[in-house]
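Q: A structural model of the following input is requested.
(one chain, ligands or ions: 1)
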Amino acid sequence: MSERGFSEWLRQQCEPEWTAVVTHPFAMAITTGSAGDEEMRRYLEQDFQFVDSFTALLGAAVARADTFEARVPYGKFLGQVATTEEKTYFHRALAELGGRTDAEPEPVTAAFKQLMAEVRVAQDYVLIVAVLCVAEWCYLGWASRAEEPLPESFVHREWIELHEGAEFRAWVAFLRGELDRLGAGLDEERREEVLQVFRLAVELERDFFDMARAPA
Ligand SMILES: Cc1ncc(CN)c(N)n1
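A: Below is the predicted model:
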């Protein structure tokens with residue numbers, strides 16, 4: 001395992017897919033504001049379905065965290081997703097784009113929801129953190145590549161802002177810290193198990209951006 005900790009070791013094992021996610025043409029098109037309305041509508045309709053399962057997974061993290069110190073950041077972020085992202089951004093953005101909140105999940109969305117449901121039902125804390133960490137860390141990865149001035153359109157700009165900034169960086173650092181802390185006590189077999197889940201989540205992130213780019 002890398003001297004730099006379990007989370008960095010996991011990330012390195014997932015190259016070149018990791019870099020493919022954080023530099024994905026669709027993500028880069030969000031950062032420049034050049035992702036078109038149709039693409040953004042398809043992507044956000046699907047992401048709204050993703051966020052539902054993601055919110056449930058945060059609830060599982062609150063329940064299964066092994067320390068009170070860890071439960072608090074999950075609870076705090078859960079409140080933020082449920083209020084800021086779900087209640088305001090998605091509804092405003094989908095209204096602007098003529099999108100729906102009840103779109104049929106695409107195959108990649110269904111696969112991602114299934115992975116999140118599996119680790120949630122298993123109530124396996126380190127696997128729960130692995131999926132949450134991929135989702136948040138790789139979003140920080142692409143969003144932090146955005147250059148000022150950010151796009152004028154709120155659909156692009158606010159989506160970047162939700163995944164960048166001091167608070168979001170601290171949240172990702174917390175998730176990585178949890179993986180580093182837990183990883184130190186895992187044997188080889190368990191580390192491999194976490195890696196498999198981590199890798200699948202990275203692949204799904206890449207496929208999710210591919211889906212957004214695919215012709216309708
Ligand atoms: C597919 C996906 N992955 C991650 C995130 C970041 N919360 C998201 N909104 N959507």
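Q: what residues are up against whichever residue of the chain sits closest to the ligand?
A: Distances between the chain and the ligand by CB to the nearest ligand atom are smallest at residue 135, namely 3.7 Å. Every C-beta, even on glycine, is put in place using the N, C-alpha and C of the backbone. The neighbours of residue 135, taking CB atoms under 8 Å, 6 or more residues apart in numbering as the test, are 54, 201, 205.
Q: Could you say which helix or strand holds the first one?
A: Secondary structure assigned from DSSP states H and E places residue 54 in helix 37-64.
Q: I'd like the distance from that helix to the chain centre, please.
A: Taking the mean of its C-alpha atoms, helix 37-64 sits 8 Å from the chain's own mean (CA atoms, centre = their mean, to the nearest Å).
Q: likewise stretch 200-216?
A: Going by CA atoms, centre = their mean, where stretch 200-216 is centred and where its chain is centred differ by 12 Å.
Q: residues in contact with it?
A: For stretch 200-216, contacts defined as CB under 8 Å, 6+ apart pick out 14, 17-18, 20-21, 24-27, 35, 38-39, 42-43, 46-47, 50, 106, 108-109, 111-112, 115, 130-131, 134-135, 138.
Q: and what of stretch 74-86?
A: 48, 51, 54-55, 58-59, 61-62, 65, 162, 171.
Q: What distance do you get for residue 186 to residue 177?
A: Applying CB to CB, to the nearest Å, the value for residue 186 to residue 177 is 15 Å.
Q: My error: substitute residue 39 in the last question.
A: For residue 39, the distance to residue 177 - CB to CB - is 35 Å.
Q: what about these two, which has more around it?
A: residue 39 (19 against 16; other CB atoms under 10 Å).
Q: Residue 30 is in contact with that one, correct?
A: No - in this structure residue 39 lies outside contact range of residue 30 using CB atoms under 8 Å: 9.2 Å.
Q: so how far is the first residue of stretch 144-161 from its last?
A: One end of stretch 144-161 sits 9 Å from the other (CA to CA, to the nearest Å).
Q: quick one: the helices in the chain?
A: 6-13, 17-22, 25-32, 37-64, 68-80, 91-97, 107-122, 125-143, 154-162, 166-183, 188-213 (DSSP state H).
Q: Just name the most buried of the ones you listed.
A: Stretch with highest mean neighbour count among the helices of the chain: helix 125-143 (a mean of 23; mean count of other CB atoms under 10 Å).
Q: per-residue confidence averaged over it?
A: For helix 125-143, the mean pLDDT works out to 98.
Q: follow-up on the earlier one: roughly how far apart are the residue of the chain closest to the ligand and residue 201?
A: Taking CB to CB, one finds residue 135 at 7 Å from residue 201.
Q: and the lowest-mean-pLDDT helix or strand in the chain with the ligand, contact?
A: Every helix and strand of the chain was ranked by mean pLDDT, DSSP states H and E. The lowest is helix 68-80, at a mean of 93. No - Helix 68-80 lies apart from the ligand when judged by CB under 6 Å from any ligand atom; the minimum separation is 9.7 Å.
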